[in-house]
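Asker: fold the stuff below for me.
(one chain, ligands or ions: 1)
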Amino acid sequence: MQLEVDHLTKVYPGKRGLLATSFKVEKGECIAIVGHNGAGKSTLLKILANWIVPDSGRARVEGIDLKNRLALVRKIGFVPETPNLFDLFSVEYNFRLFARLFQIPFVRIEKALKEFDLLSFRHTKVRELSKGLKQRVSIGRSLLPDPPLLLFDEPTSGLDFEMTKEIYKLLKGLHVSGKTILFTSHRPEEIQTLATRIMVLHQGGLVFDGPPGTYFQSEIHENLYA
Ligand SMILES: Nc1ncnc2c1ncn2[C@@H]1O[C@H](COP(=O)(O)OP(=O)(O)OP(=O)(O)O)[C@@H](O)[C@H]1O
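Answerer: Numbering: from 1, shown residues only. As a prediction, this is how the structure comes out:
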């Protein structure tokens, strides 16, 4: 089992963040996490990415506990909804900083620049890039340690049609290459295009976990978009 989540819980003052959520993920799955605003989707991803600490529960990636933060840098890549890049630095320098911080060989930078079609932007400051390009840089950086598990928080949020299609292609390619993917989404067509499994969160709780076919015929889907 690639990812085991066991009763993960995070409660914010006066609000349900995530309530005792448990599930297991096998290698190669591409899971869409859906639900209304405030359902707990980002909270779940941020806990798995070690951005926030859960109140209770545990999670393991390929047997490694979430608490082992340094080891998990090589296991999990996280692409937040808003890229957390250094805007004043070039694309290449952003990659270099990340690589140095986590002792990733610099050869991987060249590989990532090539793979993500960023060679011609390597010396461009991030703040000068379009939203779609920034997203590509953010995805490229998350892949520098070559992690088997990728987490995307609303990967196409705010992108235009062309950029959205480009990101779909990228995500599909990553999935085909064997990566396991969890992504949050509000877009039915995105879920339909990419997901092999759907999980629905409602007020912090997991209320559906199953295949896309079952989900799209369910009342849960109808109610979500009613
Ligand atoms: N740092 C925080 N402090 C207090 N409450 C928070 C914090 N982060 C999230 N919450 C609350 O926790 C709940 C779950 O938030 P979360 O961001 O995980 O939802 P979401 O499903 O990702 O929503 P969206 O689709 O709008 O991104 C919400 O009620 C939210 O207001």
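Asker: buried residues of the lengthiest helix in the chain, list them for me.
Answerer: In the chain, taking DSSP state H as the definition, the longest helix is helix 161-176. Residues 163, 164, 166, 167, 168, 170, 171, 174, 175 are the ones in helix 161-176 that count as buried (16 or more other Cβ atoms under 10 Å). Placement of C-beta: from N, CA and C, glycine included.
Asker: tell me the average confidence for it?
Answerer: Across helix 161-176, pLDDT averages out at 93.
Asker: may I have it exported as PDB, CA atoms only?
Answerer: What follows is helix 161-176, C-alpha atoms only, in PDB (Å, rounded to 0.1, in the frame of the first residue of the first chain):
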ATOM      1  CA  PHE A 161      -8.900  26.900 -21.300                       C
ATOM      2  CA  GLU A 162      -5.500  26.400 -23.100                       C
ATOM      3  CA  MET A 163      -3.500  26.300 -19.900                       C
ATOM      4  CA  THR A 164      -6.000  24.000 -18.200                       C
ATOM      5  CA  LYS A 165      -5.700  21.600 -21.100                       C
ATOM      6  CA  GLU A 166      -1.900  21.700 -20.800                       C
ATOM      7  CA  ILE A 167      -2.100  20.900 -17.100                       C
ATOM      8  CA  TYR A 168      -4.500  18.000 -17.800                       C
ATOM      9  CA  LYS A 169      -1.900  16.600 -20.300                       C
ATOM     10  CA  LEU A 170       0.900  17.000 -17.800                       C
ATOM     11  CA  LEU A 171      -1.000  15.300 -15.000                       C
ATOM     12  CA  LYS A 172      -2.100  12.500 -17.300                       C
ATOM     13  CA  GLY A 173       1.500  12.000 -18.400                       C
ATOM     14  CA  LEU A 174       2.600  11.800 -14.700                       C
ATOM     15  CA  HIS A 175      -0.100   9.300 -14.000                       C
ATOM     16  CA  VAL A 176       0.800   7.100 -17.000                       C
END
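Asker: before we move on, the earlier item: in TSV, list the buried residues of helix 161-176 along with distance to residue 116.
Answerer: Shown next, in TSV, are the buried residues of helix 161-176 (distance: Cβ to Cβ, whole Å):
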residue	distance to residue 116
163	13
164	16
166	11
167	11
168	15
170	8
171	12
174	11
175	16
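Asker: filter those residues by proximity to the ligand?
Answerer: Among the buried residues of helix 161-176, no residue lies close to the ligand (Cβ under 6 Å from any ligand atom).
Asker: so who does residue 153 touch?
Answerer: 41, 42, 45, 46, 78, 79, 80, 81, 183, 184 (Cβ atoms under 8 Å, 6 or more residues apart in numbering).
Asker: now do whatever helix or strand the fourth one lives in: which elements does it pack against?
Answerer: For residue 46, the element it lies in under DSSP states H and E is helix 41-48. Counting contacts by 3 or more Cβ pairs under 8 Å, 6 or more residues apart in numbering; DSSP states H and E, helix 41-48 packs against strand 3-12, strand 15-25, strand 30-34, strand 56-61, strand 76-79, strand 149-153, strand 180-184.
Asker: who does the first one pair up with?
Answerer: According to DSSP bridges, the neighbouring strands of strand 3-12, each with its direction, are strand 15-25 (antiparallel), strand 56-61 (antiparallel).
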